[in-house]
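**Student:** Give me the fold of what follows.
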Amino acid sequence: MEQKIHQGRNVKRFREMLGIKQEALAFDLGEEWNQKKISLLEQKDVIEDPLLQKISEVLKIPVEAFQNFDEEQAVNVIANTYSFQDFKDNAVASGFSYQPSFNPLDKMVELYERMLQQQKEMIDKLEKLIQDK
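**Tutor:** Predicted structure coming up:
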């Protein structure tokens, strides 16, 4: 059974991980966007490529993350990487086999490092604004 990737839900997950509100994403996407449209966007299974590219640029997350991220699969990868040996043997015996061409943990670390950097930049901007007043 093939899992269907829900791109809108992935946009929501990454947006929330970055601590960005729907209103802020709407503002960054342009005048024709508002919180309600972002909410509707996050309910869509598939998002048009040009729009996904724009969201990717705004959130600084690769388009592929929205297109390929499957939470259940990620949980399985992490569970299989960091579990007891008998659980790993059981998972393999049940037919679950996932061979990513990248280390998912490295990608998560990259994402968190990027989030921390963005947060630091935001704090620096706020401090500068406060000093300028």
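**Student:** what residue ranges in the chain score low on pLDDT?
**Tutor:** Scanning the chain for pLDDT under 70 picks out the ranges 1-3, 71-104.
**Student:** per-domain residue ranges of it.
**Tutor:** Using automatic domain parsing, the domain parsing of the chain gives 7-101, 102-133.
**Student:** now those as TSV including mean neighbour count?
**Tutor:** From N, CA and C alone the C-beta is placed, and that goes for glycine too. Supplementary listing: the domains of the chain in TSV, determined by neighbours: other C-beta atoms under 10 Å:
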stretch	mean neighbour count
domain 7-101	14
domain 102-133	11
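**Student:** The longest helix along the chain packs against which elements?
**Tutor:** Using DSSP state H to define each element, the chain has its longest helix at helix 104-132. Here helix 104-132 touches helix 7-17, helix 71-81, going by 3 or more C-beta pairs under 8 Å, 6 or more residues apart in numbering; DSSP states H and E.
**Student:** Recalculate using a threshold of 6 Å.
**Tutor:** Counting contacts by 3 or more C-beta pairs under 6 Å, 6 or more residues apart in numbering; DSSP states H and E, helix 104-132 packs against no other helix or strand.
**Student:** Okay, angle between that helix and helix 7-17 too, please.
**Tutor:** Relative orientation of helix 104-132 and helix 7-17, computed by axes from the mean of the first three to the mean of the last three C-alpha atoms, to 10 degrees: 50 degrees.
**Student:** Fine, thanks again, bye for now.
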